[in-house]
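[1] just need the structure, nothing else, for what follows:
(one chain, ligands or ions: 1)
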Amino acid sequence: MCVFLSSRVILPIFGQSSCVFCLLSVGLCERLHKVYKLKIDEALLIFHSELPYSVSVYYTSDYCYKCVYQPLATVGNVQNNISVVVSTQFTLTLKITPVDGNITLCSLSQTFEEAGHYSLWMTQSGLPNDVTCSLAMDRSPNNAYLPLLAAFLILASIAVFWASLPYILRWSCIQRLKNRICHRGSQNSIEMDEANDEQSVDKSKSKSSRLKSLDTFRGFSLTVMVFVNYGGGGYWFFQHAPWNGLTVADLVMPWFVFIIGTSVVLAFSSMHRKGVPLLQLLRKVTWRTIVLMLIGFCFMNYSPRDGYLSWSWLRIPGVLQRLGFTYFVLALMQTFSPHREIPLSVHNWWNPIQDLVLYWPEWIFIVLLETMWLCLTFLLPVPNCPTGYLGAGGIGDNGLYPNCTGGAAAYIDRWFFKDNIFWHPTCKVLYRTTEPFDPEGVLGTINSIVMGFFGMQAGKILLFYRKMNKSILARFLIWALVLGISAAILSKCTRDEGFIPVNKNLWSLSFVTCMGCMSFVLLGVMYFIVDVKEWWGGQPFIYPGMNSIFVYVGHSLLGFYFPFSWEMRFQDSHWEQLFQDIWGTALWVFIAYLLYRKQFFLKI
Ligand SMILES: *[C@@H]1O[C@H](CO)[C@@H](O)[C@H](O)[C@H]1NC(C)=O
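    A predicted model of the protein is given here:
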C-alpha cells in the first residue's frame, strides 16, 4: 500500500526512517497520510477499484462555467488503489469512464473538506458497465471556518472593549472617588479631557470641509484591500473571483473609484469657493495624475524580489494607472461642468432633481462612453473568436474558444500594449487559460469612469442638500435601488447566465451597477452613523482613510517583509495564514494611526 500511495504522495519530510516506522505500525496508510502534508484547502482522495478493467477519473469544478472535464487519475485493474490531492474550494464533479471508451460509468458531485481523507470505492454489480461508486470518509476534515469564527470573535471583543473603555474608566474613577484616592486619577482624566478638547476643536475646524464618513469609507475599503492583498487568510472568497462572480476582494477597487468621484466633487467645490484659478486647478489635476501613474508604473508592477526589471515582462496598465486616469477624467468633467454650485433658493419644477438636471452635459458624456463600451464589447470583431464573447476561454465554454480570454477587452489591450499586460489573470488556474488578460485594461477603464460618475452623484447630493439629511439619505437610497435593480436585470441574478455577467476582470456594466448600489448603501449608512448621528467616529478606519496613498504604497512595497509577514510554519490550515494577514493589516492601521497622531498626511 505504501507503494500505491507514493505515486503522488511522496515522503519529503521524514524520509526512510519514517517508512520503517510506518511499516511497523499497524495503521500503515494512516501514518503515510500524516507524513504527506496537505496544504490549505486540500483533501486526499483515494480510489479503490474492484473492476476488472482500468478506468479514468475526470473532474470539473462547479465554479468553472461549462468547463471541459479534466483528467484526474487513471485507476488500473492491477494497481487498484491510487490517491490524489483535490481542492476543497468548490464543489467538484467526478466522472468515471473506462480508459478506452467514453461511456460514463458513474459520476458524483462532492464538496470535499479541508484535510479530509476520502475513499472512492468502485465496485461492479452485475453487468460489466454497471458500476457502483461510493464515497467514504477515512479521516474527518478540519473545520476550515473555525479560524474565521475565532478571528471574528476576537476582533468583535476588542471592538466592544474599546467602545466601552470610556465607561469603564469613568466607573473606575467613581470607585476611586469613593475610596478617596481619585485625586490623581481625576487629574489625569482632566488632562485627557483637555487633549480631547484640543482634538475636538481641530475636528470642528475640519468638520466644515471634511466629510468623516467618506474618510471612514475610504479607510474601510483600504483596510479590506490590504487584508485581501495579503492573502485574505487563504479563503477563496477573500480572493478575486476566477472569472464571473463576486468575492470580497472584488469589491474594494470599485469602492475606491466611487470614493474618488465623491472626493473630486467635494474638493473642487471647496477650491471653487476659495477662488482657485482654473489654470492652477488643471495643473494640480495633471500633476496628481502623473504622480499616481508613475508610482503605479514604477513601484507597483514589480517588487525587488523579482530581480532586475525586464522590458519583456513589464506591465503597462495597473491599479494606480487606472485610478489616476479615472481621476483625471472625472476631474476634467467637474472642471468644465457649467454648474459647480447651485443655490437651492431658485424655485424650478426640477428642483428635486437639480443634482441630475443641471449636469446634463456630463450625462451626455457618460451615456456616450457607456454606449462605446457596449458597442466595443459586443460588436467589435475579434479574429478567431466569437463577437461579443465575455467568457474566460481556456477549458470554459466547452473548450470552444481557448484563446479568447476576455474577448474584445483583451483584443484591445493587446492592440494597445502588445504583450506588456498582465500574464497571470485570476482565471488562469481554474480555466487553464494560456493567454494574458489585464483586469486594469483599456476597455474596463470606461466603466471605471462610469463608476466614478456614480460617486460624483453622491458628492453632488451631499453638496446640494447640505444639512438636509433626509433628502440626502433618500436620494442615496433611490440611487442604490435603481442601480441594484439594473444589476439584477443585467445579470438575471445569476453568476454566469445573465445578459452581462457580473465580472471584475472585465468591469462589466452589471458589475459597475452592482458596486454602485453597494457603495451608495455603504456611504449612506456611514454618513448616517458617523456624520448625522455621530455615534461612531469612524475609528479605526478613518486613520488609513486619511493616509490612503501612504498605506497603499507602503503595504505594496513592504508588505512581504517582516514584521508584516513571514514564512509560515503551519501551512495545512487557515489558522496561521489568517493570523498573519490580520496581523499585517492591523499593523498598517496602527501605522496610519501613529501618522494621524503626528498629523502627517501624505498628499500628492
Ligand atoms: C491557441 O493558441 C495556442 C498557442 O498560441 C495554439 O497552439 C492553439 O492552436 C490556439 N488554439 C486555437 C483554437 O486557436
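[2] show me how far stretch 390-398 is from its chain's centre.
    Counting by Cα atoms, centre = their mean, to the nearest Å, stretch 390-398 is centred 22 Å from the centre of its parent chain.
[3] and residue 133, backbone torsions?
    Torsion angles at residue 133 (phi, psi; degrees, to the nearest 10) stand at phi -110, psi 130.
[4] over to the one 3 residues further on?
    Geometry field for residue 136 lists phi and psi as phi -130, psi 150, criterion degrees, to the nearest 10.
[5] distance check, it against residue 309.
    Counting by Cβ to Cβ, to the nearest Å, the gap from residue 136 to residue 309 is 53 Å. To be clear about C-beta, it is placed using only N, CA and C from the backbone, and glycine gets the same treatment.
[6] what number of residues lie near the closest residue to residue 125 other than its chain neighbours?
    Nearest non-adjacent residue to residue 125, counting by Cβ to Cβ, 6 or more residues apart in numbering: residue 132, 5.1 Å away. By other Cβ atoms under 10 Å, 13 other residues sit near residue 132.
[7] equivalent analysis for residue 130, please.
    11.
[8] so for stretch 120-131, what gets flagged as buried?
    By neighbour count on 16 or more other Cβ atoms under 10 Å, the buried set for stretch 120-131 is 120, 122, 124, 131.
[9] would you check which pair of the residues you listed lies furthest apart?
    Greatest spacing in those, by Cβ to Cβ: 120 and 124 (14.4 Å).
[10] residues near the residue nearest to residue 331 when sequence neighbours are not counted, how many?
    Ranked by Cβ to Cβ, 6+ apart and with sequence neighbours excluded, the top spatial neighbour of residue 331 is residue 285, at 4.3 Å. Residue 285 has 19 neighbours, counted by other Cβ under 10 Å.
[11] quick one: contacts for residue 285?
    Applying Cβ atoms under 8 Å, 6 or more residues apart in numbering, we find residue 285 in contact with 327, 328, 331, 332, 335.
[12] distance-wise, check whichever residue of the stretch 251-400 of the chain sits closest to the ligand relative to residue 401.
    Nearest to the ligand, among the residues of the stretch 251-400 of the chain, is residue 384, at 5.5 Å (Cβ to the nearest ligand atom). Counting by Cβ to Cβ, the gap from residue 384 to residue 401 is 8 Å.
[13] so for those two, which residue has more residues nearby?
    Taking neighbours as other Cβ under 10 Å, residue 384 and residue 401 compare with residue 401 leading, 19 against 7.
[14] name the helix or strand for that one, please.
    Using DSSP states H and E, residue 401 sits within no helix or strand.
[15] pull the number of nearby residues for the closest residue to residue 111 other than its chain neighbours.
    What sits nearest to residue 111 in space, not counting adjacent residues and going by Cβ to Cβ, 6+ apart, is residue 91, at 4.5 Å. Burial of residue 91 is recorded as 13 neighbouring residues (other Cβ under 10 Å).
[16] okay, and for the stretch 151-300 of the chain, where does confidence drop off?
    Low-confidence segments of the stretch 151-300 of the chain, defined by pLDDT under 70: 180-209.
[17] oh, that last question was meant for the stretch 301-450 of the chain, not what I typed.
    Short version for the stretch 301-450 of the chain, where the test is pLDDT under 70: 301-305, 338-351.
[18] roughly how far does the residue of the stretch 151-300 of the chain found nearest the ligand sit from residue 404?
    Relative to the ligand, the nearest point of the stretch 151-300 of the chain is residue 243 (18.0 Å; Cβ to the nearest ligand atom). Plainly put, residue 243 is 12 Å away from residue 404 if you go by Cβ to Cβ.
[19] quick one: contacts of stretch 143-152?
    Contacts to stretch 143-152, defined as Cβ under 8 Å, 6+ apart, come from residues 41, 88, 113, 114, 233, 235, 573, 574, 575, 578, 579, 582.
[20] nearest to the ligand among those?
    If you rank these by distance to the ligand using Cβ to the nearest ligand atom, residue 41 comes first, at 29.8 Å.
[21] ok, how many other residues are close to the closest one?
    21.
[22] with adjacent residues omitted, what lies nearest to it?
    Of all residues not flanking residue 41 in the chain, residue 88 sits nearest, at 4.8 Å (Cβ to Cβ, 6+ apart).
[23] contacting residues for that neighbour?
    Residue 88 touches 41, 42, 43, 111, 112, 113, 114, 116, 141, 144, counting by Cβ under 8 Å, 6+ apart.
[24] now residue 246
    Applying Cβ under 8 Å, 6+ apart, the residues near residue 246 are 502, 504, 511, 514.
[25] relative to residue 396, how far out is it?
    Residue 246 is 18 Å from residue 396, where distance means Cβ to Cβ.
[26] do residue 251 as well
    From residue 251 across to residue 396, the span is 24 Å (Cβ to Cβ).
[27] more neighbours: those two, which one.
    When neighbours are counted by other Cβ under 10 Å, residue 251 and residue 396 differ, and residue 396 comes out ahead with 27 against 20.
[28] touching, the more buried one and residue 431? I think so.
    Yes: counting by Cβ atoms under 8 Å, residue 431 is a contact partner of residue 396 at 4.9 Å.
[29] quick one: common contacting residues for these two?
    64, 67, 243.
[30] and the last one, how many residues sit next to it?
    Neighbourhood size, residue 243 [other Cβ under 10 Å]: 30.
[31] residue 73 should be in a helix, yeah?
    No: Residue 73 is assigned strand when assessed by DSSP: H, G, I helix; E, B strand; the rest coil, not a helix.
[32] that one pairs with what?
    Residue 73 has these beta-bridge partners by DSSP bridges: residue 57.
[33] mind putting the buried residues of stretch 120-131 into JSON lines with pLDDT and secondary structure?
    Converted to JSON lines, those look like this (pLDDT from 0 to 100; DSSP: H, G, I helix; E, B strand; the rest coil):
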{"residue": "120", "pLDDT": "93", "secondary structure": "strand"}
{"residue": "122", "pLDDT": "89", "secondary structure": "strand"}
{"residue": "124", "pLDDT": "85", "secondary structure": "strand"}
{"residue": "131", "pLDDT": "88", "secondary structure": "strand"}
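[34] what does this protein put close to the ligand?
    384, 402, 403 (Cβ under 6 Å from any ligand atom).
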